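Trainee: Output the structure for:
(2 chains)
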Amino acid sequence: MTDAARGTIMGLLLVVLVSVPGAGWAEERIVVDVAGVSCPFCAFGLEKKLQALPGVEKVTIKVNEGTAEIEVAEGHQVTKEQIQQAVKDAGFTPGEVRIEAREGSKVREGTP
Amino acid sequence: MSPALAQGPPIHTETALLSGFTTAFRTFVQQIDRSGDLPGGARGDLRVRAVPFIAPYAIAPGKLVVAGMIPYLDKRLDMTGPGGPTRFEERGLGDLRLLTEYAYFIRDRKQETTRAIAIGGIELPTGSHGDPNLPPGLWNGSGATNYVLGTAVSHIPARWGVYTDLIYRITTEAAGFEFGDTLRYDLALGYRLWPTVYETYPSRQFNVFLELNGLWEQKSRDLRPPSDGSTVPDSGGNRVFLSPGLQYIPGRAFLVEASVQIPVVEELHGRQLETDAQYLIGIRWLF
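Mentor: As a prediction, the model looks like this:
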């Protein structure tokens, strides 16, 4: 493969990556176990509290799994304590907080 | 796949789950039709339409909530007696109720919660009352300051939910009349009909409820001349309704609900009107 062809392919890959929604924007995905979310109607308050944390781009509450997934924008860092406090402020009981890269690999270990 | 989680709040029974909102709004239209024989040989047909406006505010979500509730009432009583037909009507705002709910027990587990709350409140005499041309039952308010004390317990283990409450209302006298104290006792079973597994919030869902709603009422006391303050013989008693209900939650923060209340026990003192039909349709918003 010539350098020109390699450059074209790399350029195309870059375009694809940038055009995938969210790619390159959210740095981390944080998963928190939430106990007591037994009324999906009540998940509204949890979503609102987590969404209000600085840098949080998206919150997905998986009611069946009892977890909330939080996507944090690049350049922002949300601490374990902030997440646990937000869950408590919503009236639920926080469990383990796991921090993962958006693709699923770990970027930070344990408590931020 | 584990059983997905439960449902929304029950329609008539209090929920102990105070989480999920900072502010909310609930209203419904309830119609009550009653008929029967009255003292003095008259026949009565009563129709009550009540539209309460309920606004809770969470001081500490899940732990401490205050709420204000005021009903708009439209009452009509048709009496047919020896003297011919008579119609009594009254409409307007009823008494304002201010409540505080505090969660004194919370046990959260994965996909499960058990909670208990204490309920305390006061009723202020904002509704019209004391009209001597109306039977006291038709007044929009009691005219008195009344007090509310109670508790509610909810256990939501999976797709099911069990809710119960016990709420006592201490009444006082005003305008020469004292309505009897009341004890409200409710038990509700909730079940999420659809979806069978609740994956990601928000999803549309249908819930069904089956509730037993009881209201015991002490006899009233009449102090207006020529009465001597003795109890009213044709007042008070015990009513229990079996209340099937449906609830639809289309999205994030809104639900619509409806319920029919079938009287299964009406042990009333003396001659009083009995329930023909009782039903409600309502909505709730979270903010």
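Trainee: Excluding chain neighbours, what is closest to the residue in chain A positioned nearest to chain B?
Mentor: The minimum distance from chain A to chain B, using Cβ to the nearest Cβ, falls at A:Gly91 (2.0 Å). In short, each C-beta sits where N, CA and C put it, glycine included. Nearest residue to A:Gly91 in three dimensions, chain neighbours excluded: B:Gly62, at 2.0 Å (Cβ to Cβ, 6 or more residues apart in numbering or on different chains).
Trainee: before we move on, the earlier item: run a quick neighbour tally on the residue of chain A closest to chain B.
Mentor: The burial count assigned to A:Gly91 is 29, neighbours taken as other Cβ atoms under 10 Å in any protein chain shown.
Trainee: That one: which element?
Mentor: Using DSSP states H and E, no element contains A:Gly91; it sits outside every helix and strand.
Trainee: What distance do you get for it to B:Asp234?
Mentor: Here A:Gly91 is placed at a distance of 46 Å from B:Asp234 (Cβ to Cβ, to the nearest Å).
Trainee: try A:Val32
Mentor: Look at A:Val32 and B:Asp234: by Cβ to Cβ, they are 59 Å apart.
Trainee: of the two, who's got more company?
Mentor: A:Val32 (23 against 16).
Trainee: got the residues of chain A near chain B?
Mentor: Among all residues of chain A, those adjacent to chain B (criterion: Cβ under 8 Å from any Cβ of the partner chain) are A:33, A:35-49, A:60-64, A:66, A:89-93, A:95.
Trainee: Name only those of those residues that count as buried.
Mentor: Of all those considered here, the ones buried according to neighbour count by 16 or more other Cβ atoms under 10 Å in any protein chain shown are A:33, A:35-49, A:61-64, A:66, A:89-93, A:95.
Trainee: Tell me which of these fall in helices.
Mentor: A:Ala43, A:Phe44, A:Gly45, A:Leu46, A:Glu47, A:Lys48, A:Lys49, A:Asp89 (DSSP state H).
Trainee: tell me which of these is nearest to B:Arg221?
Mentor: Nearest to B:Arg221 among these: A:Gly45, at 44.1 Å, using Cβ to Cβ.
Trainee: could you list every residue that touches the residue nearest to the closest one when sequence neighbours are not counted?
Mentor: In space, and not counting its chain neighbours, A:Gly45 is closest to B:Gly20: 4.2 Å by Cβ to Cβ, 6+ apart. If you count contacts by Cβ atoms under 8 Å, 6 or more residues apart in numbering or on different chains, B:Gly20 has them with A:Cys39, A:Phe41, A:Cys42, A:Ala43, A:Phe44, A:Gly45, A:Leu46, A:Ala90, A:Gly91, B:Pro61, B:Leu286.
Trainee: and which of these is nearest to B:Thr114?
Mentor: The closest of the contacts of B:Gly20, once distances to B:Thr114 are taken by Cβ to Cβ, is A:Cys39, at 12.6 Å.
Trainee: That closest one contacts B:Leu18, correct?
Mentor: No: contact between A:Cys39 and B:Leu18 fails when scored by Cβ atoms under 8 Å: they sit 10.7 Å apart.
Trainee: any idea of the pLDDT on residue 81?
Mentor: The chain I'm using is chain A. At A:Glu81 the predicted local confidence, pLDDT, stands at 94.
Trainee: sorry, should have said chain B
Mentor: The predicted local confidence for B:Gly81 comes out at a pLDDT of 87.
Trainee: and B:Tyr102, how far is that from A:Phe44?
Mentor: Taken as Cβ to Cβ, the span from B:Tyr102 to A:Phe44 is 21 Å.
Trainee: ditto for A:Glu28
Mentor: Looking at A:Glu28 against A:Phe44, where the rule is Cβ to Cβ, the gap reads 24 Å.
Trainee: Not counting sequence-adjacent ones, nearest residue to A:Val63?
Mentor: That would be B:Tyr198: by Cβ to Cβ, 6+ apart, it lies 4.7 Å from A:Val63.
Trainee: Tell me what B:Phe88 is bridged to.
Mentor: On DSSP bridges, the residues paired with B:Phe88 through beta bridges are B:Leu77.
Trainee: what residues are up against it?
Mentor: Residues in contact with B:Phe88 (Cβ under 8 Å, 6+ apart) are B:Lys75, B:Arg76, B:Leu77, B:Met79, B:Asn133, B:Leu134, B:Pro135, B:Leu138.
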